[in-house]
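[1] Pasting a predicted model and its sequence here:
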Amino acid sequence: MQQAMPRPSFAVHAARALALALALALAAVGFAGAVDATQAFAWTIGIGFGLTLYHAAFGFTGAFRRLLAEGRGEGLRAQMLLLALLVALFFPALEAGSLLGAPVRGLVFPAGVATVVGAFLFGVGMQLGGGCASGTLYTAGGGDGRMVLTLVFFVLGATLAAWQGELWLDWPALPAVTVQELLGPWPALAASLAVFALVFAASAARERRITGTIAPLPVTGGRFWRGPWPLAWGAAGLALLSLATLWALGRPWVITAPFPLWGSAAVEALGWDEPAFWRYWEDPARIEALFRPILADRSTAMNLGLMAGAMLAAVLAGAFAPSLRLSAGEAAGSVIGGVLLGIGAMLASGCNISAYVSGIASGSLHGWAWILPALAGNWVGLRLRPALGLAVPAEPDTRRKFYQRSRRE
């Protein structure tokens with residue numbers, strides 16, 4: 001009888017993690033030499049995002065699934081904690097127009113028909129594709145082969161939306177405005193914090209009514225290097241890294257902005273079309289990126305760093321075991337969901353990060369307008385999952401599922 005191979009010891013995992021960390025540091029040096037120091041910093045911040053997202057298993061798709069299918073709101077309450085930290089950190093800096101001497105601005109976009117339609121499509125795509133933007137990147141980086149497929153079709157969907165920009169770019173929308181402009185900076189901060197507190201309390205009350213218990217948000221009990229982390233650690237880490245992004249890049253964290261860039265570059269390289277003549281790329285703020293090397297794009301460096309950081313976290317946890325095994329239903333979900341994610345993110349001027357988190361952190365009404373249609377889309381997506389053979393309830397102990405392959409504690 002063949003004996004099972006022993007699992008590598010923590011020392012082996014640590015050695016692998018050290019080797020990977022050195023490679024990531026060399027990549028940062030490469031970014032600094034090939035582009036500039038800010039690009040290296042964007043890459044490094046991305047690594048921090050990936051490590052934080054993975055170790056805390058801080059996601060939106062699973063959180064919304066558990067909220068809508070099971071009445072469990074732990075993930076939603078963690079999001080409220082993150083948003084509260086962000087507005088407390090961002091609003092004063094945005095009001096001043098600078099952070100530690102560096103000029104900063106928020107992500108403020110019009111809220112309109114495209115926002116609502118895009119957020120709804122994105123929500124459906126989250127549940128079919130198995131992830132949002134940040135979740136797709138960090139789980140793909142952590143070794144989940146299915147999410148690599150979702151990412152490919154996410155980029156395809158974003159590229160299709162850019163190609164057909166003339167169909168949706170002129171849809172009716174309100175002017176771009178912030179709650180700070182409507183209420184004043186300090187009343188806007190107080191009102192935002194009050195909404196987060198109300199959602200937090202309502203989520204807890206609903207969870208108690210449905211399940212009989214309320215899952216806490218502990219702030220202790222995590223292991224820093226190997227993980228897992230409490231969700232509160234994840235919220236705090238994401239808030240601090242978002243503040244670092246605001247300072248270094250002059251604007252909040254975004255994820256999906258490079259996706260149409262990647263796809264358009266592929267279209268041009270393959271000789272299929274000339275994206276520079278697409279309506280979407282006529283915007284002067286966008287066309288500049290199209291003519292620069294992809295690796296010179298700040299958000300591209302950050303996204304690649306995020307995936308690398310998640311890989312590092314998986315290696316530290318002893319859970320990096322890439323697998324491409326997936327069912328036909330999972331593959332179909334990744335294809336359909338990925339395309340919906342890409343189209344939805346483009347129409348809504350962002351995803352769960354660019355629109356929801358960074359939008360609300362900026363005070364933009366488009367961030368507030370995004371969440372309800374996105375939740376409606378998640379609700380529809382949950383009801384479509386069985387058609388693809390995908391389970392509706394979240395897996396038990398979902399926040400630690402990435403660690404279960406390598407250890408049972």
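    Received it, and whenever you're ready, just let me know what you need. Numbers count the residues shown, from 1 in each chain.
[2] drop to CA atoms for contacts and neighbour counts, all remaining ones
    Fine.
[3] In the helix or strand of the chain with the lowest mean pLDDT, which residues are buried?
    Within the chain, no helix or strand scores below helix 10-34, which has a mean of 75 by mean pLDDT, DSSP states H and E. Residues 13-14, 16-17, 20-21, 24, 27-29, 31-32 are the ones in helix 10-34 that count as buried (16 or more other Cα atoms under 10 Å).
[4] Please enumerate the strands of this structure.
    All strands of the chain, identified by DSSP state E, fall at 98-99, 102-103.
[5] Nearest to Ser242, out of these?
    strand 98-99 (12.5 Å; Cα to Cα).
[6] The closest one pairs with which strands?
    strand 102-103 (antiparallel) (DSSP bridges).
[7] For the partner strand, what is the distance to the chain centroid?
    Using Cα atoms, centre = their mean, to the nearest Å, the mean C-alpha position of strand 102-103 is found 25 Å from that of the whole chain.
[8] OK, contacts around Ile255?
    133-134, 299, 303, 350-351, 353-354 (Cα atoms under 8 Å, 6 or more residues apart in numbering).
[9] Near Ala348, how many other residues are there?
    Ala348: 30 surrounding residues under other Cα atoms under 10 Å.
[10] wouldn't it be in contact with Gly118 here?
    Yes - using Cα atoms under 8 Å, Ala348 makes contact with Gly118 at a distance of 4.5 Å.
[11] Just name the closest of the buried residues of helix 10-34 to Thr44, please.
    Distances from Thr44 to these, taken by Cα to Cα, are shortest for Ala28, at 6.8 Å.
[12] Now Pro275: closest residue in space, sequence neighbours ignored.
    Of all residues not flanking Pro275 in the chain, Ser264 sits nearest, at 5.9 Å (Cα to Cα, 6 or more residues apart in numbering).
[13] Please tell me how far Ala69 sits from Gly62.
    Taking Cα to Cα, to the nearest Å as the measure, Ala69 falls 10 Å from Gly62.
[14] Neighbour count: those two, which is higher?
    Counted by other Cα under 10 Å, Ala69 and Gly62 do not tie: Gly62 has more neighbours, with 24 against 15.
[15] Tell me the predicted confidence for the more buried one.
    Note on Gly62: pLDDT of 91.
[16] Ok, the one 4 residues further on next?
    The predicted local distance difference test score for Arg66 is 94.
[17] mind checking how far it is from Glu166?
    Relative to Glu166, and taking Cα to Cα, Arg66 is found at 37 Å.
[18] Kindly report the same for Trp225.
    Using Cα to Cα, one obtains 48 Å as the distance from Trp225 to Glu166.
[19] repeat for Arg226
    For Arg226, the distance to Glu166 equals 48 Å [Cα to Cα].
[20] more neighbours, these two?
    More crowded of Arg226 and Glu166, by other Cα under 10 Å: Arg226, with 19 against 13.
[21] surely the more buried one meets Leu312?
    No - using Cα under 8 Å, Arg226 makes no contact with Leu312, being 10.0 Å away.
[22] what touches both of the two?
    Residues touching both Arg226 and Leu312 (Cα under 8 Å, 6+ apart): none.
[23] rewinding a little: list the contacts of the least confident helix or strand of the chain.
    By Cα under 8 Å, 6+ apart, the surrounding residues in contact with helix 10-34 are 37-41, 43-44, 308, 312, 315-318.
[24] That helix: how far from the chain's middle?
    Chain-centre distance of helix 10-34: 23 Å, with Cα atoms, centre = their mean.
[25] Check stretch 74-92 too.
    Centre-to-centre, stretch 74-92 and its host chain are 15 Å apart (Cα atoms, centre = their mean).
[26] Also stretch 351-363?
    Worked out by Cα atoms, centre = their mean, stretch 351-363 lies 10 Å from the chain centre.
[27] Could I get the average pLDDT for it?
    On average, stretch 351-363 scores 96.
[28] Can you get me the start-to-end distance on it?
    16 Å.
[29] what's in contact with it?
    Contacts of stretch 351-363 (Cα under 8 Å, 6+ apart): 60, 83, 86-87, 90-91, 94, 106-108, 119, 122, 132-134, 178-180, 188, 252-256, 344-345, 348-350, 365-368, 370-371.
[30] try it again with 6 Å
    86-87, 106-107, 178-179, 252, 254, 345, 367 (Cα atoms under 6 Å, 6 or more residues apart in numbering).
[31] Point out the ones among these that are inside helices.
    Applying DSSP state H to the contacts of stretch 351-363, the entries found in helices are 86-87, 179, 345, 367.
[32] which one among those gets closest to Arg146?
    Distances from Arg146 to these, taken by Cα to Cα, are shortest for Ala345, at 19.9 Å.
[33] picking up where we left off before, any idea which of the contacts of Ile255 is closest to His55?
    Among those, and counting by Cα to Cα, the member closest to His55 is Ser134, at 13.5 Å.
[34] can you pull the contacts of Met147?
    Here Met147 is in contact with 136, 140 (Cα under 6 Å, 6+ apart).
[35] Burial check on the closest residue to Ala314 other than its chain neighbours, number of neighbours?
    Nearest non-adjacent residue to Ala314, counting by Cα to Cα, 6+ apart: Phe320, 4.8 Å away. If you count neighbours by other Cα under 10 Å, Phe320 ends up with 22.
[36] What's the per-residue pLDDT of Phe320 here?
    For Phe320, pLDDT reads 74.
[37] do you know how far it is from His55?
    Separation of Phe320 from His55 (Cα to Cα): 12 Å.
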